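Asks: sequence first, then the predicted structure, then my questions.
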Amino acid sequence: MEKKKAIVIDIDDCWMDSRLWISKAPIGSRNEEDWDLFYKKVYLCKPNKSFIRDVINFIFETNVFPIFVTSRSERVLKDTIFQIQNNSSLVVGDTCELYMRTPFNDFRSSEKVKKDILIKLMDMYDIAYAIDDTEINLEMFKSLGIKTVIRYKINGDDYERV
Ligand SMILES: [Mg+2]
């Protein structure tokens with residue numbers, strides 16, 4: 001059976017403007033309390049309306065299936081579903097999917113979390129497109145053979161194929 005064509009979409013500093021929230025991240029900490037405090041502030045993210053509009057148009061024009069892949073913890077699963085559904089007509093588990101970092105004691109890098117998810121997804125989908133703002137993730141997508149990898153820059157609202 002032919003695999004469904006899909007696009008992998010990043011959440012932070014793509015779908016959401018997460019600059020204020022990310023600035024509060026306890027980078028390098030292995031203390032669950034630090035991360036708990038950080039995740040409680042996920043409401044600081046604001047919808048990135050122009051990105052959302054562009055991506056939704058692209059999805060409907062090309063008829064690709066949207067899959068959100070984020071290194072956010074599943075501790076903020078509900079908030080993340082809200083941030084997707086409150087800002088679009090997409091429904092998680094129906095017209096789109098969402099994959100996240102496992103909830104506790106998962107200190108893998110963002111790139112590793114996404115790579116592990118991607119490898120599983122590629123069994124089920126033809127991942128034709130991936131869009132992200134982080135260089136190391138873009139390189140990883142290319143190394144997996146994804147044909148169209150797009151770098152989004154929230155500063156300047158800019159898309160570039162890499
Ligand atoms: Mg990001």
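Replies: Right, received. Where do you want to start? Numbering: from 1, shown residues only.
Asks: only C-alpha atoms for contact and neighbour calcs from this point on.
Replies: Noted.
Asks: any idea which element the residue nearest to residue 110 when sequence neighbours are not counted lies in?
Replies: What sits nearest to residue 110 in space, not counting adjacent residues and going by C-alpha to C-alpha, 6 or more residues apart in numbering, is residue 71, at 5.1 Å. For residue 71, the host element (DSSP states H and E) is strand 65-73.
Asks: list the contacts for the closest residue in space to residue 96 that isn't next to it in sequence?
Replies: Nearest residue to residue 96, sequence neighbours excluded (C-alpha to C-alpha, 6+ apart): residue 66, at 5.1 Å. Listed by C-alpha atoms under 8 Å, 6 or more residues apart in numbering, the contact set of residue 66 reads 6-9, 59, 95-97.
Asks: wait, residue 34 touches residue 28, no?
Replies: No. Counting by C-alpha atoms under 8 Å, residue 34 does not reach residue 28; the two are 10.3 Å apart.
Asks: neighbour count: these two, which is higher?
Replies: More crowded of residue 34 and residue 28, by other C-alpha atoms under 10 Å: residue 34, with 13 against 8.
Asks: what about the residue nearest to that one when sequence neighbours are not counted, distance to the ion?
Replies: With sequence-adjacent residues excluded and distances taken as C-alpha to C-alpha, 6+ apart, residue 34 is closest to residue 26, at 6.4 Å. Using C-alpha to the ion, to the nearest Å, residue 26 is found at 16 Å from the ion.
Asks: can I have the buried ones of the contacts of residue 66 as a ChimeraX selection?
Replies: Buried members of the contacts of residue 66, defined by 16 or more other C-alpha atoms under 10 Å, are picked up in ChimeraX with:
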select :6,7,8,9,96,97
